[in-house]
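In: Could you look at this predicted model? Sequence included:
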Amino acid sequence: MNDKERCQSMMVEFDGMLLDYSRQRATLETMDKLDKLAEAASLKQHINRMYSGEHINSTENRSVLHVALRAPRDAVIYSDGKNVVPDVWNVLDKIKAFSEKVRSGSWVGATGKPLKDVIAIGIGGSFLGPLFVHTALQTDPEAAEFAKGRQLRFLANVDPIDVARNIAGLNPETTLVVVVSKTFTTAETMLNARTLREWISSALGPCAVAKHMVAVSTNLTLVEKFGIDTNNAFAFWDWVGGRYSVCSAVGVLPLSLQYGFPIVEKFLKGASSIDQHFCSAPFEKNIPVLLGLLSVWNVSFLGYPARAILPYSQALEKFAPHIQQVSMESNGKGVSIDGVPLPYEAGEIDFGEPGTNGQHSFYQLIHQGRVIPCDFIGIVKSQQPVYLKGELVSNHDELMSNFFAQPDALAYGKTSEQLLKENVPQHLIPHKTFSGNRPSLSLLLPSLNAYNIGQLLASYEHRIAVEGFVWGINSFDQWGVELGKSLATQVRKQLHASRTKGDPVEGFNFSTTTLLTRYLEASSDIPADPPTLLPRI
Ligand code: F6P
């Protein structure tokens with residue numbers, strides 16, 4: 001940290017974003033070696049193959065083209081010999097027109113009332129990205145102005161409590177339900193969709209569904225089967241991975257309903273700016289590439305398997321949960337892209353909370369327990385500044401004092417000599433010592449508007465791709481989520497048979513049999529064929 005030349009070379013700026021990685025446990029030689037590693041892993045070629053629509057998701061035989069979702073109208077990006085950009089813009093134009101109709105009140109519900117509230121049903125990638133962006137925009141003054149009088153809620157969990165919380169205080173007459181599912185088969189989403197269809201039709205009659213339910217999916221046949229008019233379905237494509245789909249109709253539709261399309265277009269432009277940077281900037285100035293290589297350095301070479309994502313902005317409170325899916329579903333793999341068991345561990349354990357809340361929670365472990373590389377994300381201008389006359393600093397400066405202090409506390413620590421000078425009693429010295437040399441990086445954004453949110457999203461998406469390319473894995477499939485789903489199907493069948501016919505629990509191990517039997521016995525007062533019941537909150 002005392003080597004100014006080193007520190008200077010570890011600061012990179014692009015389009016208003018400043019990355020400072022001088023607090024990484026890396027020398028200039030390390031960076032040189034990481035560059036050679038990138039070369040050996042053919043990183044540039046992998047990026048080019050992604051942008052040119054090759055089927056780099058080989059286990060699903062698909063291209064990976066989320067960059068096309070935010071490409072300018074006149075861009076040309078091919079998938080399977082077809083320029084996909086016109087299709088992207090057809091859907092964006094359709095969303096713009098539809099959201100304007102709903103927002104202006106020219107599209108009304110079954111009883112003639114404007115639809116001011118939206119519930120977006122979806123899970124995983126059909127939920128976390130849109131939730132992150134919505135939460136980030138909620139307090140942006142420009143976005144908030146456009147959202148006046150409107151509400152956007154997200155129903156993800158199949159837990160009926162989530163249904164209850166979502167519909168609490170809402171009137172079906174003024175609510176639009178958007179069913180978001182790439183496959184339109186996800187068990188949680190489809191049951192929630194059937195539940196809200198019942199909520200609408202029991203209040204307004206079955207014909208109301210056409211006015212109160214729309215869909216986002218790649219599977220328009222199943223959308224139609226469900227009973228949603230395909231004119232009110234918004235398509236996307238199999239070259240968009242679920243966790244990379246926030247820039248498709250998955251995010252653009254609910255967010256446009258809430259904030260208006262022009263705000264969402266700014267978000268897409270911010271992401272697109274990083275897309276250009278990622279595919280064109282030299283690696284030593286390329287923010288996603290540097291972030292990715294440093295992650296590989298920390299995980300694979302220094303042996304630090306986790307990463308803390310610490311935004312100093314309450315508006316980014318859903319950023320870490322979103323990145324958890326993008327990162328862990330993408331890179332949590334045990335075999336190479338060719339199916340060979342990896343001789344090293346890939347993937348990162350991501351977690352995080354906004355500062356300063358995290359400081360009063362898990363930072364103890366980060367400062368004195370395990371070494372967790374940290375991402376500090378700071379914003380220069382607050383979305384909602386507060387100044388109090390007589391206070392030493394503004395409220396945002398108070399927040400940012402912590403953003404600037406924490407990385408140095410981790411890097412420098414505190415020695416026993418320093419503690420002795422402060423007259424700390426001998427027996428407390430080991431407890432008050434901080435080892436230091438704990439890596440972090442700082443990302444400073446000029447503000448947190450729709451554009452910056454797009455930049456942040458794309459930087460992390462591409463960082464995670466870089467990690468996967470270097471580890472030699474397929475970051476774009478997710479077979480690991482399948483086994484649990486199929487075992488749940490077996491349990492579902494058993495529950496049905498036991499409840500309706502009194503069948504004994506069979507075919508499970510001792511543990512599961514005991515638990516299931518206890519569960520069924522303790523809830524045996526539930527009738528075999530109960531009438532429809534919706535939450536009463
Ligand atoms: O459970 C994993 C997953 O397939 C995710 O990859 C995906 O984002 C989520 O389920 C939801 O899938 P869908 O959009 O098809 O409902």
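Out: Good, I have the coordinates.

In: Show me the domain layout of this protein.
Out: Segmentation of the chain into domains, based on the TED database, reads 15-27+302-455, 67-265, 482-522.

In: any idea which of the ones you listed is most buried?
Out: The highest mean neighbour count among the domains of the chain, using mean count of other CB atoms under 10 Å, belongs to domain 67-265: a mean of 20. The C-beta positions use only the backbone N, C-alpha and C, and glycine is treated the same way.

In: ok, back up a step: is it possible to export the domains of the chain to CSV including mean pLDDT and distance to Glu54?
Out: Rendered in CSV, the data for those read as follows (pLDDT from 0 to 100; distance: least, CB to CB, whole Å):
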stretch, mean pLDDT, distance to Glu54
domain 15-27+302-455, 98, 13
domain 67-265, 97, 9
domain 482-522, 96, 25
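
In: Phe278 is nearest to which of those domains?
Out: In terms of CB to CB, the element of those nearest to Phe278 is domain 67-265, at 8.3 Å.

In: still on that earlier bit, and the domains of the chain: which comes nearest the ligand?
Out: The ligand lies closest, by CB to the nearest ligand atom, to one member of these: domain 67-265, at 2.7 Å.

In: What is the end-to-end distance of that closest one?
Out: Between the opening and closing residues of domain 67-265 there is a gap of 14 Å (CA to CA, to the nearest Å).

In: Kindly report the same for stretch 143-159.
Out: Comparing the first residue of stretch 143-159 with its last one, the separation is 31 Å (CA to CA).

In: follow-up on the earlier one: so which of the domains of the chain is nearest Lys33?
Out: domain 15-27+302-455 (9.2 Å).

In: Spell out for me which residue occupies the centre of the protein.
Out: Closest to where the C-alpha atoms of the chain average out (CA atoms, centre = their mean) is His322, at 2.1 Å.

In: Was I right to think it contacts Leu128?
Out: Yes: using CB atoms under 8 Å as the test, His322 is close enough to Leu128 to be in contact (4.4 Å).

In: Next up, the contacts around Lys44.
Out: When contacts are counted by CB atoms under 8 Å, 6 or more residues apart in numbering, Lys44 touches Ala38, Phe283.

In: Without its sequence neighbours, what residue ends up closest to Asn452?
Out: Excluding its sequence neighbours, the residue lying closest to Asn452 (CB to CB, 6 or more residues apart in numbering) is Leu445, at 4.9 Å.

In: and if you look at Thr415?
Out: Leaving out its chain neighbours, the residue that sits closest to Thr415 by CB to CB, 6+ apart is Thr433, at 6.8 Å.

In: and the longest helix seen in the chain, how far from the chain's centre?
Out: Within the chain, and with DSSP state H defining each element, the longest helix by residue count is helix 450-471. Helix 450-471 sits 11 Å away from the centroid of its parent chain (CA atoms, centre = their mean, to the nearest Å).

In: next structured bit after that helix?
Out: On the C-terminal side of helix 450-471, the nearest following helix or strand under DSSP states H and E is helix 482-501.

In: Please name every helix or strand in contact with the helix or strand just after that following helix.
Out: Using DSSP H and E, the helix or strand that directly follows helix 482-501 along the chain is helix 510-522. Here helix 510-522 touches helix 482-501, going by 3 or more CB pairs under 8 Å, 6 or more residues apart in numbering; DSSP states H and E.

In: The helix it packs on close to the ligand?
Out: No: contact of helix 482-501 with the ligand (CB under 6 Å from any ligand atom) is absent, the minimum separation being 7.1 Å.

In: Run through the residues of the stretch 51-200 of the chain sitting next to the ligand.
Out: By the criterion of CB under 6 Å from any ligand atom, the positions of the stretch 51-200 of the chain lying close to the ligand are Ile123, Gly124, Gly125, Ser126, Ser181, Lys182, Thr183, Thr186, Thr189.

In: Mind checking which of those residues are in helices?
Out: Judged by DSSP H, the subset of these located in helices is Thr189.

In: Can you tell me which of the residues of the stretch 51-200 of the chain next to the ligand is nearest Thr230?
Out: Ranking those by separation from Thr230, with CB to CB as the measure, puts Ser181 on top at 14.7 Å.

In: and the residue of the stretch 351-500 of the chain nearest the ligand?
Out: Val481 (4.0 Å).

In: tell me the pLDDT at that residue?
Out: Reading off the confidence values, Val481 has pLDDT 94.

In: Does anything pack onto whichever helix or strand Val88 is part of? Which helices or strands?
Out: Val88 belongs to helix 85-104 when assigned by DSSP H and E. Counting contacts by 3+ CB pairs under 8 Å, 6+ apart, helix 85-104 is packed against strand 233-235, helix 249-259, helix 261-280.

In: Distance to Lys116 added to the ones you listed, as TSV?
Out: TSV is the format used below for the helices and strands packed on helix 85-104 (distance: least, CB to CB, whole Å):
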stretch	distance to Lys116
strand 233-235	20
helix 249-259	10
helix 261-280	17
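
In: would you list those in TSV and tack on distance to the ligand?
Out: Below are the helices and strands packed on helix 85-104 laid out as TSV (distance: least, CB to the nearest ligand atom, whole Å):
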stretch	distance to the ligand
strand 233-235	13
helix 249-259	7
helix 261-280	18
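
In: quick revisit: surely the residue nearest to Asn452 touches Ser382?
Out: No: with contact taken as CB under 8 Å, Leu445 and Ser382 are classed as non-touching, separated by 11.5 Å.

In: Work out for me the element the closest residue in space to Leu534 that isn't next to it in sequence sits within.
Out: Spatial nearest neighbour of Leu534, chain neighbours left out: Trp199 (5.8 Å); criterion: CB to CB, 6+ apart. If you go by DSSP H and E, Trp199 is part of helix 187-204.

In: can you check Leu444 too?
Out: Counting by DSSP H and E, the secondary-structure element that holds Leu444 is strand 440-445.

In: Please apply the same query to Leu19.
Out: strand 17-20.

In: Walking through the stretch 251-400 of the chain, point out its strands one by one.
Out: The residue ranges that make up the strands of the stretch 251-400 of the chain, judged by DSSP state E, counting those that start in this stretch, are 306-311, 349-352, 374-379.

In: okay if I get those strands as JSON lines plus distance to Leu115?
Out: As requested, the strands of the stretch 251-400 of the chain are exported to JSON lines (distance: least, CB to CB, whole Å):
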{"stretch": "strand 306-311", "distance to Leu115": "32"}
{"stretch": "strand 349-352", "distance to Leu115": "35"}
{"stretch": "strand 374-379", "distance to Leu115": "33"}
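
In: if I pick Gly16, what's in contact with it?
Out: With contact taken as CB under 8 Å, 6+ apart, Gly16 is in contact with Leu445, Pro446, Asn452, Gln455.

In: just the residues of the stretch 301-450 of the chain that are near the ligand, which are they?
Out: Residues of the stretch 301-450 of the chain that fall close to the ligand, judged by CB under 6 Å from any ligand atom: Glu329.
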